[in-house]
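Engineer: Fold the following.
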Amino acid sequence: MSVCKTLRVEVLLLGALGLAVSACKPAATPVMPPLPVNTQVVEVRPFPQTVEVTAQVEGTREVEVRARVTGILLAQSYQEGALVKAGDLLFKIDPAPYAVALSLAKAQLSQEQAKFEQLEAESLRQDKLLSQQATSKKEAADARAVAMAARFARDVAAAKVRGAELDLSYCEVRAPIDGYTGRLVRSEGSLVSPGADSLLTTVVQREQVWVRCGVSEQDFARLFRGDAAQATRAKVAVLDAAGKALPNVGKVNFVAAQVEARLGTIQMRAEFTNEGNRLLPGQFVRLRLEGQPLDGAVTVPASALMQSAQGRFLYVLGEGDVAAMRPVQIEVIVGPLAVVSGGLQPGDRVILDNLVKIRPGVKLAPRAPAAK
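Structural biologist: Below you'll find the predicted structure:
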């Protein structure tokens, strides 16, 4: 083999060896840029405390109209759902039997009145004779006793007349209050009577309504420090379907003195003006109660909270824009906000997003806060 061929082979072998060696070297690790994050600077400020609960509307006065005498329902004199005034005629029950009973009671009264007058005159005559010593004391006393019994019998007959007049007046069933009538429970021609089946309709006032709700023990203690007097001063609003407060003005007018054991709630009631009849008795609504605000509260978005085996924590931006894990104590979570009772200081920068990608010690790039 010639020298030239030997040199070419050696060169090829050295080149192949160089390629093999370079292929065995590890690739350089790429440097990751800092993770961009949004932050919020911790501030101390008053925090309004609210709670939203399901409540039910009631009329301030809901009166059942019932039959007070037995008879055939002759007529209905109102339109269902119409506004009526106190004293308006609603129903008429057959008055004929009660008119007869009244006539009999009046006749009985006349009879007893005539008997009393006769016996009273005899008693006076006996007293006069006794003063003249023309009769005995026993006869005079007996005459007075008989006259007194006749007086009592007359009074009983007079009471029966008043009772018969009252029964006859009950044949006209009238509205007890101003309000809106309910549906007709018993139709014309029905036999009605006092008792369990006496209900004819209802009359409900809607110019003012009550909204009744139950507040949990925890929320009652948080909002009002467990003080019923403070609860009566709470701001209260009915919310529409979009969660906005209706213009109706409300005021708490009742707070229960004890916890309802079955539900674990404190019953409350608020009174509202009802212009335009927007709130209907029986309707279920959302009620928002605003209690005593927390002074000097630290709040963070609830979405920034993380959970570990040791409890809840937040990521904060430490020195050199490095992520740091900060254990925190939460007093309450209200909607999208959490009130932090311990673990944060004013000026701390809480990290709000990219939380699943963050680890303690990771370099971060905080974004500039959005212009307000």
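
Engineer: any weak-confidence spans in the chain?
Structural biologist: Along the chain, the parts satisfying pLDDT under 70 run over 1-32, 369-372.

Engineer: L223 falls within a helix, correct?
Structural biologist: Yes - judged by DSSP: H, G, I helix; E, B strand; the rest coil, L223 forms part of a helix.

Engineer: close enough to count as contact, it and G291?
Structural biologist: Yes - taking contact to mean C-beta atoms under 8 Å, the distance of 2.7 Å between L223 and G291 places them in contact. From N, CA and C alone the C-beta is placed, and that goes for glycine too.

Engineer: where do the contact lists of those two overlap?
Structural biologist: With contacts defined as C-beta atoms under 8 Å, 6 or more residues apart in numbering, the residues shared by L223 and G291 are Q49, T50, V51, A231, A234.

Engineer: Look up how far E43 lies from V332.
Structural biologist: Note on V332: its distance to E43, by C-beta to C-beta, to the nearest Å, is 18 Å.

Engineer: tell me which element L289 is part of?
Structural biologist: Counting by DSSP states H and E, the secondary-structure element that holds L289 is strand 284-290.

Engineer: where do the strands sit along the stretch 151-300 of the chain?
Structural biologist: In the stretch 151-300 of the chain, the strands defined using DSSP state E, counting those that start in this stretch lie at 172-174, 179-181, 191-192, 199-204, 208-216, 235-239, 250-255, 265-273, 284-290, 294-301.

Engineer: What is the first one packed up against?
Structural biologist: Judged by 3 or more C-beta pairs under 8 Å, 6 or more residues apart in numbering; DSSP states H and E, strand 172-174 is in contact with strand 89-93.

Engineer: For the helix or strand following the strand it packs on, which helices and strands make contact with it?
Structural biologist: Following the chain from strand 89-93 toward its C-terminal end, the next helix or strand by DSSP H and E is helix 96-131. For helix 96-131, the helices and strands in contact under the criterion 3+ C-beta pairs under 8 Å, 6+ apart are helix 137-169.

Engineer: tell me which residues in the helix it packs on are buried?
Structural biologist: By neighbour count with 16 or more other C-beta atoms under 10 Å, helix 137-169 contains the buried residues 140, 143-144, 146-147, 150-151, 153-154, 157-158, 160-161, 164, 167-168.

Engineer: Got the domain ranges for the protein?
Structural biologist: 37-47+295-366, 50-60+207-293, 95-170 (automatic domain parsing).

Engineer: wait, which of these is closest to D197?
Structural biologist: domain 95-170 (15.9 Å; C-beta to C-beta).

Engineer: Just the endpoints, please. Distance across that closest one?
Structural biologist: The straight-line separation of the ends of domain 95-170 (C-alpha to C-alpha, to the nearest Å) is 9 Å.

Engineer: Any idea how far that domain is from the middle of the chain?
Structural biologist: Its chain's C-alpha centre lies 59 Å from the corresponding centre of domain 95-170 when counted by C-alpha atoms, centre = their mean, to the nearest Å.

Engineer: Would you agree P46 is in contact with A297?
Structural biologist: Yes - in this structure P46 lies within contact range of A297 using C-beta under 8 Å: 6.7 Å.

Engineer: Of those two, give the one with the bigger neighbour count.
Structural biologist: Set side by side, P46 and A297 show unequal neighbour counts under other C-beta atoms under 10 Å, the larger going to A297 at 19 against 10.

Engineer: For the more buried one, give its distance to G347.
Structural biologist: Looking at A297 against G347, where the rule is C-beta to C-beta, the gap reads 16 Å.

Engineer: Give the full set of residues in contact with N248.
Structural biologist: A237, V238, F272, T273, N274, E275, R278, L279.

Engineer: For D178, grab the count of nearby residues.
Structural biologist: Burial of D178 is recorded as 15 neighbouring residues (other C-beta under 10 Å).

Engineer: And it, how close does it get to T70?
Structural biologist: For D178, the distance to T70 (C-beta to C-beta) stands at 28 Å.

Engineer: L200 now?
Structural biologist: Taking C-beta to C-beta, one finds L200 at 13 Å from T70.

Engineer: what residues are shared contacts of the two?
Structural biologist: Listed contacts common to L200 and T70 are V192; contacts here mean C-beta under 8 Å, 6+ apart.

Engineer: Which one's more surrounded, these two?
Structural biologist: L200 (21 against 16).

Engineer: Is N354 in contact with V37, as I believe?
Structural biologist: Yes - the pair N354 / V37 is scored as a contact, 5.3 Å apart, by C-beta under 8 Å.

Engineer: And the two? Which one has more around it.
Structural biologist: Legend: neighbour count by other C-beta under 10 Å for N354 and V37, higher for V37 (22 against 15).

Engineer: Wait, that one touches V350, no?
Structural biologist: No - V37 is beyond contact range of V350, at 10.1 Å (criterion: C-beta under 8 Å).

Engineer: which residues do the two both contact?
Structural biologist: With contacts defined as C-beta under 8 Å, 6+ apart, the residues adjacent to both V37 and V350 are L317.

Engineer: re earlier: okay if I get the domains of the chain as JSON lines plus distance to R183?
Structural biologist: Below are those laid out as JSON lines (distance: least, C-beta to C-beta, whole Å):
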{"stretch": "domain 37-47+295-366", "distance to R183": "40"}
{"stretch": "domain 50-60+207-293", "distance to R183": "12"}
{"stretch": "domain 95-170", "distance to R183": "22"}
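
Engineer: Those domains: which one's closest to V84?
Structural biologist: The minimum distance between V84 and these falls on domain 50-60+207-293, with 13.6 Å, by C-beta to C-beta.

Engineer: Can you lay out the contacts of N248 as a markdown table showing neighbour count?
Structural biologist: Converted to a markdown table, the contacts of N248 look like this (neighbours: other C-beta atoms under 10 Å):
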| residue | neighbour count |
| --- | --- |
| A237 | 20 |
| V238 | 22 |
| F272 | 23 |
| T273 | 14 |
| N274 | 20 |
| E275 | 12 |
| R278 | 17 |
| L279 | 22 |
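
Engineer: Fine by me, thanks again.
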